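A.B. asks: Structure of the sequence below:
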Amino acid sequence: IYDLWNQDTYLRFFEASTDNGFDKDYNVADINSGDLTASFARTAELWATSYQKIIKCNNFLENIDRVEMDIEEMKVMKAEVKSIRAYNYFWLSFLWGDVPLVTKVLTVDEANSVFRDSKETVVNFIVTELQEAIRDLPVTRPNEDYGRITKGGALGILGRVFLAEKRWEEAKDTYKQIMNLGVYEIDPRFSDLFIEKGENSKEFLLVSKRTQDLYTNSIQLVCQGFTWGGWHHFSPYNELVEEFCCIDGLPIHESPLFDPEKPYENRDPRLLKTVFVDNVSVFKGILYIAHPDSNPSIYMDQLLRRPWSGYAVRKFCDENYEGNLNSYGCDFPMIRYAEVLLTYAEATYELNDQISDADLDISINALRNRFADNPDKLPALTNAFVKEHGLDMREEIRRERRVELVSESLRYDDLIRWKTAETELPQEILGAKFDESAYPAMIPGKDINLNADGFIVVQSGKSRMFDPSKDYLFPIPLREVSLNPNLKQNPNW
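C.D. replies: Numbering: from 1, shown residues only. Next comes the predicted model:
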């Protein structure tokens, strides 16, 4: 089910539709191939499930006053529900622009005759709702209530709203409020954050709770490779892999430490904790091998049956989990403190096209200090470093955001709000460098397409499109405009 509280939705919609990676069945490829239409089932489902949650919130808020209960607890519950409703409206307005702003329970006839409200009206409503909720939400929760929304979680949602609207000063102030709460911290256990071992980390502001075999997710199934019984559903692109700096803090094309023959050495320690690399990564004591016969009992021709990049998602794979891969019980971290620090840095820079070293130290460098005890820890990002090496501070801030938050739902969001989707998405997309000795039966140009440098061509530039005149918004689902003639379609759809 595609909804905004489901981890699989984020991996597909907001990662596999971008320049970070893809899913092998191309479930959301219509978004970047020029084939997206108003009848596309996945966007229609996301619209529908978002409004279903809003309807439940409206019903709750209309009726909770009839319940005899502690008044203070009621205020907190109302604040939680307002935050959930605001979160859904944020994504609806971000993805579709003008959307119906429904704040009460409607009859069927009323629901099928609503009009679209302006995005400005919806955003103003979201901001007001969240500001009201923040006043009534607790800063922390007792262990038995872990997962319920807190003040920090609602502030994290509000910060995303201001960021998307380029309200830089308000975004900076909101994220500074979170930092000043003194509740959250960067957890040194990077890999553990995304598996059960890292649940309840002080780095999490907002999570979607899960319980094994009861209210689960399929993240182990879709991320693990065939060797371990998974589907290897998602494959990162080489373009993402190349974004991870060398340990001197320089991009690979600028660093003297980068060796094209040993491209994964001397790299940002997050790289191999995020991506499975062929003949380098080890999982459950087994070397990850990407070539077709790595598990012949499943698919002898697996490289030919599906498109592959040669990489796999390492980030969420749990080496200690032995249960049903489709029934994993790890919570999904929806907003991390790492995002708070990264966004504080971005908002600070965008406010005046500059950022002080002091602000870098409490944001990006605080994040890099997660690996303080790692010999491969990246050096501090400073204005002097950027100037000395001819780098661009905006690009370095964005690079840090991209590599830290891989597969956590924000890449599509970032490309849309930066207005870079029109240049980044319609590009030739590459996989790992092809090792002909590992595939002796495969003929380049016949069985597999390579570029001039020997990298796998996963998608040609001609097969990827993004029309800036319309694609920065999704089309209103055909079913909705058919049911309700008052819902006018987005421009050029």
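A.B. asks: For the rest of this, base every contact and every neighbour count on C-alpha atoms.
C.D. replies: Noted.
A.B. asks: S460 - how many residues pack around it?
C.D. replies: For S460, the tally of surrounding residues (other C-alpha atoms under 10 Å) stands at 14.
A.B. asks: Skipping its backbone neighbours, what lies nearest it in space?
C.D. replies: The shortest distance from S460 to any non-neighbouring residue, by C-alpha to C-alpha, 6 or more residues apart in numbering, is to E428 (4.5 Å).
A.B. asks: is it true that that neighbour touches V457?
C.D. replies: Yes - the criterion here is C-alpha atoms under 8 Å, and E428 meets it with V457 at 7.2 Å.
A.B. asks: what sits against the residue nearest to S460?
C.D. replies: 457-462, 464 (C-alpha atoms under 8 Å, 6 or more residues apart in numbering).
A.B. asks: Check F332 too.
C.D. replies: F332 neighbours (C-alpha under 8 Å, 6+ apart): 7, 194, 207-210.
A.B. asks: what's the answer for A347, then?
C.D. replies: 163, 168-169, 171-172.
A.B. asks: Out of these, which sit inside strands?
C.D. replies: Judged by DSSP state E, strands contain none of the contacts of A347.
A.B. asks: which one of those residues is nearest E239?
C.D. replies: The closest of the contacts of A347 to E239 turns out to be L163 (C-alpha to C-alpha; 25.1 Å).
A.B. asks: Identify the spatial nearest neighbour of the closest one, chain neighbours not counted.
C.D. replies: In space, L163 comes closest to A171 once its chain neighbours are excluded; the distance is 5.7 Å by C-alpha to C-alpha, 6+ apart.
A.B. asks: re earlier: regarding the residue nearest to S460, what are the backbone dihedral angles?
C.D. replies: Note on E428: its backbone torsions stand at phi -60, psi 130 [degrees, to the nearest 10].
A.B. asks: swap in N63?
C.D. replies: Main-chain dihedrals, N63, degrees, to the nearest 10: phi -120, psi -10.
A.B. asks: tally of neighbours for it?
C.D. replies: 9.
A.B. asks: quick one: it from V105, how far?
C.D. replies: Per C-alpha to C-alpha, to the nearest Å, N63 is found 10 Å from V105.
A.B. asks: Equivalent analysis for L487, please.
C.D. replies: 19 Å.
A.B. asks: Which of those two has more residues huddled nearby?
C.D. replies: Legend: neighbour count by other C-alpha under 10 Å for L487 and V105, higher for L487 (21 against 17).
A.B. asks: dump the residue contacts of the most centrally placed residue in the chain.
C.D. replies: Ranked by distance to the mean C-alpha position of the chain (C-alpha atoms, centre = their mean), the top residue is S409 at 1.4 Å. When contacts are counted by C-alpha under 8 Å, 6+ apart, S409 touches 10-11, 13-15.
A.B. asks: one more time with 7 Å
C.D. replies: By C-alpha atoms under 7 Å, 6 or more residues apart in numbering, S409 lies in contact with 10-11, 14-15.
A.B. asks: In the protein, what residue spans correspond to strands?
C.D. replies: So, for the chain - with DSSP E - the strands run 21-23, 204-208, 234-236, 275-277, 282-283, 286-287, 311-313, 332-336, 429-433, 455-459.
A.B. asks: Dump those strands to a markdown table, plus mean pLDDT and distance to S50.
C.D. replies: As requested, these are exported to a markdown table (pLDDT from 0 to 100; distance: least, C-alpha to C-alpha, whole Å):
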| stretch | mean pLDDT | distance to S50 |
| --- | --- | --- |
| strand 21-23 | 91 | 23 |
| strand 204-208 | 96 | 15 |
| strand 234-236 | 92 | 24 |
| strand 275-277 | 96 | 31 |
| strand 282-283 | 96 | 37 |
| strand 286-287 | 93 | 41 |
| strand 311-313 | 94 | 27 |
| strand 332-336 | 96 | 16 |
| strand 429-433 | 92 | 32 |
| strand 455-459 | 91 | 31 |
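A.B. asks: Turn those strands into a markdown table, columns for distance to R135.
C.D. replies: Listed next are the strands of the chain as a markdown table, based on distance: least, C-alpha to C-alpha, whole Å:
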| stretch | distance to R135 |
| --- | --- |
| strand 21-23 | 39 |
| strand 204-208 | 16 |
| strand 234-236 | 40 |
| strand 275-277 | 40 |
| strand 282-283 | 45 |
| strand 286-287 | 51 |
| strand 311-313 | 39 |
| strand 332-336 | 20 |
| strand 429-433 | 46 |
| strand 455-459 | 48 |
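A.B. asks: out of these, nearest to V123?
C.D. replies: Closest to V123 of those is strand 332-336 (C-alpha to C-alpha; 19.7 Å).
A.B. asks: chain center to that closest one: distance?
C.D. replies: Offset of strand 332-336 from its chain centre (C-alpha atoms, centre = their mean, to the nearest Å): 9 Å.
A.B. asks: That strand relative to strand 204-208, how many degrees between them?
C.D. replies: In terms of direction (axes from the mean of the first three to the mean of the last three C-alpha atoms, to 10 degrees), strand 332-336 departs from strand 204-208 by 150 degrees.
A.B. asks: Could you spell out the sheet neighbours of strand 332-336, each with its direction?
C.D. replies: strand 204-208 (antiparallel) (DSSP bridges).
A.B. asks: now what about stretch 36-55, what contacts it?
C.D. replies: 2-4, 30, 85, 88, 105, 475-478.
A.B. asks: ok, so of those, who is nearest D373?
C.D. replies: Distance to D373 across the contacts of stretch 36-55 (C-alpha to C-alpha) is lowest for L4, with 36.4 Å.
A.B. asks: thinking again about what came up before, just the pLDDT at the residue nearest to L163, thanks.
C.D. replies: Looking at A171, its pLDDT stands at 98.
A.B. asks: so how far is A421 from it?
C.D. replies: 22 Å.
A.B. asks: who has more neighbours, the two?
C.D. replies: A171 (27 against 23).
A.B. asks: and the more buried one, what is it in contact with?
C.D. replies: Counted by C-alpha under 7 Å, 6+ apart, A171 has contacts 159, 162-163, 347.
A.B. asks: and which of the residues you listed is nearest S356?
C.D. replies: The closest of the contacts of A171, once distances to S356 are taken by C-alpha to C-alpha, is A347, at 12.4 Å.
A.B. asks: mind checking how far that closest one is from P260?
C.D. replies: 35 Å.
A.B. asks: Figure out the length between the terminal residues of stretch 216-232.
C.D. replies: 19 Å.
A.B. asks: How about residues contacting that stretch?
C.D. replies: 210, 233-234, 294-295, 312-313, 316-317, 325-329.
A.B. asks: can you rerun that using 8 Å?
C.D. replies: Under C-alpha under 8 Å, 6+ apart, the answer for stretch 216-232 is 6-8, 24, 210, 233-234, 294-295, 298, 312-314, 316-318, 325-330.
A.B. asks: just stretch 415-423 next, same as before
C.D. replies: By C-alpha under 8 Å, 6+ apart, the list of residues contacting stretch 415-423 reads 164, 424, 466-468, 472.
A.B. asks: Can you give me the buried ones in that stretch?
C.D. replies: 415-416, 421-422 (16 or more other C-alpha atoms under 10 Å).
A.B. asks: Take these and keep only those in helices.
C.D. replies: Applying DSSP state H to the buried residues of stretch 415-423, the entries found in helices are 415-416, 421-422.
A.B. asks: Next, format those residues as a markdown table and append pLDDT and distance to N369.
C.D. replies: Formatted as a markdown table, these follow (pLDDT from 0 to 100; distance: C-alpha to C-alpha, whole Å):
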| residue | pLDDT | distance to N369 |
| --- | --- | --- |
| L415 | 98 | 27 |
| I416 | 98 | 30 |
| A421 | 97 | 31 |
| E422 | 96 | 34 |
